[in-house]
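In: pasting the sequence and the predicted model now:
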Amino acid sequence: MRLGRLVLYSLPLSTVVVIAFALFVVGAPRAYHGVRLHGGPTEGASRLSLRLSAVERYTEVEAPARLDDLVVTARLEDGRAASARVATDELGTANVALDLGGPIRGPVAVGVTSARGVLARGNLSLAPERWLERLRERGGVLPGQSSGALVVRAVPARGAFAIPFGDPLSIEVSRAGGPVVGARVSVELEGATLAGDARPTDARGRTSVTLAPVDHIASVILRAATDAGETGTFTGALPIAVGALRATRQDDQLRVDCAIERELAYFAVITERERLLGGVVTLSPNGRGGSVGLAPLPPLPPGPVWAVVSGEPELDSASTVGWPIAGPSDGEPPKARAVPDRLLLDGLTLGFAAETKRRQEARHVALGFTLLAGLLAAALLVREGQRSACELDEHLKAAGAEPSQRQEQAKKRWLGLIVAVLCVGMGFAVLLLVAMYRMG
């Protein structure tokens with residue numbers, strides 16, 4: 001009898017303790033890690049070039065994670081496979097290129113693991129056409145106003161200009177669709193400086209000058225004249241990439257220049273249908289208020305190649321420019337072309353699923369214990385009520401109470417017992433609701 005009462009009285013307290021343990025210890029939110037994979041097209045690529053972004057997530061807050069033991073594996077349906085071991089930097093990023101021994105066809109099964117377990121797993125598949133949906137180009141023939149017998153056109157030789165770096169401006173002089181040889185071209189600038197005068201036009205009617213913008217808005221006036229007295233004028237605005245970093249090829253290295261002092265720059269080398277590689281450039285002060293850095297380049301394929309540079313790992317800011325660093329020397333000068341990295345796989349879904357499963361298991365244990373404790377408390381309460389009713393009936397009988405009086409008292413006792421059971425049930429229901437709300 002005493003044991004039953006002790007269990008009955010201790011059940012609410014023990015239930016509260018179990019729920020609190022489930023809420024604040026076993027089922028409490030925990031930080032988990034995951035890796036997001038970014039890159040370019042996979043279909044038809046000669047190798048898989050990826051940017052990894054390691055993240056530590058707690059509830060809705062994300063922070064970069066520095067992980068030193070990441071193993072990246074890739075496998076194709078035809079059995080070809082490759083793997084690499086990488087480490088993320090303080091911003092949680094790392095770049096990896098996996099050579100699968102030839103053009104990629106079909107989805108690529110990729111996994112990223114570490115001592116913490118599987119951080120990303122899934123199939124990657126991106127066609128070049130989808131990758132190019134976010135293509136941003138700069139350059140081409142400058143729009144403007146022309147006048148005179150000679151037609152003067154201007155084309156940024158690298159697609160754009162960035163403050164305060166000097167880059168060539170190609171100039172073409174023609175008449176009735178044909179090139180004009182030996183035309184003299186004068187250049188008048190506003191918002192930019194000129195490095196040297198233009199030479200007379202060559203056999204193709206072309207010449208060039210080097211401009212360095214000093215303002216976010218710059219314009220140019222070109223005046224062409226021949227010995228025969230023919231003239232032509234062009235007036236137009238220069239395309240200035242505000243806040244852009246500049247990339248140039250220096251032998252077998254990529255040179256990145258920045259107008260201000262900063263520590264890191266991010267880049268990706270792309271072709272018309274492929275992301276060849278990506279990386280991070282460590283910048284050093286250049287002694288003139290800016291910074292410069294070099295990164296090694298692998299042998300580049302034939303055809304146009306661009307270096308997309310930015311101060312952001314995503315290569316998706318308004319100042320991101322893709323500078324041409326290789327391509328055919330004849331024909332129209334190439335445009336600046338930038339394509340931001342696409343999200344190919346979000347490994348945080350694995351961590352979220354594991355975290356959700358862990359909290360649900362703790363929730364189920366707490367709910368199950370609360371239900372069992374409530375049922376046991378109700379059963380013990382009924383048992384105690386029956387025992388008390390029997391004792392009271394014996395006392396009334398010994399005191400000479402009439403049977404009708406004893407029956408009336410029995411009805412009242414059962415009504416009180418039902419009310420007590422309902423109150424206990426409501427108490428445990430409140431505990432259930434609290435557990436469901438806090439762990440839902």
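Out: Sure, I can see it. Numbers count the residues shown, from 1 in each chain.

In: quick check: which ranges of the stretch 201-350 of the chain have low pLDDT?
Out: Per-residue confidence of the stretch 201-350 of the chain (counting by pLDDT under 70) places the weak regions at 328-332.

In: give me the contact list for stretch 286-294.
Out: Here stretch 286-294 makes contact (Cβ atoms under 8 Å, 6 or more residues apart in numbering) with 250, 253-263, 265, 281-285. Where you see a C-beta, it was placed from the backbone N, CA and C, and this is true even at glycine.

In: return a PyMOL selection command for the buried portion of those residues.
Out: With 16 or more other Cβ atoms under 10 Å as the criterion, this PyMOL line picks the buried residues out of these:
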select buried, resi 254+255+256+257+258+259+265+281+283
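
In: narrow the contacts of stretch 286-294 to those in helices?
Out: Using DSSP state H to define helices, no part of the contacts of stretch 286-294 is located there.

In: count of residues packed around residue 327?
Out: Under the neighbour criterion other Cβ atoms under 10 Å, residue 327 is assigned a count of 17.

In: in this structure it contacts residue 337, no?
Out: No. At 10.5 Å, residue 327 does not count as touching residue 337 under the criterion of Cβ atoms under 8 Å.

In: any idea whether the closest residue to residue 59 other than its chain neighbours is helix, strand or coil?
Out: The shortest distance from residue 59 to any residue that is not its chain neighbour, by Cβ to Cβ, 6 or more residues apart in numbering, is 5.3 Å, and that residue is residue 29. When the structure is reduced to helix, strand and coil (DSSP: H, G, I helix; E, B strand; the rest coil), residue 29 reads as coil.

In: where's residue 168, which helix or strand?
Out: strand 167-175 (DSSP states H and E).

In: list the contacts of that strand.
Out: Everything outside strand 167-175 that qualifies as a contact, by Cβ under 8 Å, 6+ apart, is 149-158, 161, 179-180, 183, 185, 198, 201, 204-212, 220, 222, 224, 230, 232, 238, 246, 333.

In: what about the contacts of stretch 286-294, which are in strands?
Out: Secondary-structure check on the contacts of stretch 286-294 using DSSP state E: residues within strands are 250, 253-258, 265, 281-282, 284-285.

In: excluding chain neighbours, what is closest to residue 152?
Out: Leaving out its chain neighbours, residue 152 is closest to residue 234 (Cβ to Cβ, 6+ apart), at 3.9 Å.

In: quick one: buried ones out of the contacts of strand 167-175?
Out: Neighbour-count burial (16+ other Cβ under 10 Å) applied to the contacts of strand 167-175 gives 150-158, 161, 180, 183, 185, 198, 201, 205-209, 211-212, 220, 222, 224, 232, 238, 246, 333.

In: out of those residues, which are inside helices?
Out: Among these, no member falls in helices (DSSP H).

In: what's near enough to touch residue 205?
Out: Counting by Cβ under 8 Å, 6+ apart, residue 205 touches 172-174, 178-181, 183.

In: adding pLDDT and distance to residue 315 as columns, could you present those residues in JSON lines?
Out: JSON lines is the format used below for the contacts of residue 205 (pLDDT from 0 to 100; distance: Cβ to Cβ, whole Å):
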{"residue": "172", "pLDDT": "95", "distance to residue 315": "32"}
{"residue": "173", "pLDDT": "96", "distance to residue 315": "37"}
{"residue": "174", "pLDDT": "95", "distance to residue 315": "38"}
{"residue": "178", "pLDDT": "92", "distance to residue 315": "42"}
{"residue": "179", "pLDDT": "94", "distance to residue 315": "38"}
{"residue": "180", "pLDDT": "95", "distance to residue 315": "41"}
{"residue": "181", "pLDDT": "95", "distance to residue 315": "42"}
{"residue": "183", "pLDDT": "95", "distance to residue 315": "41"}
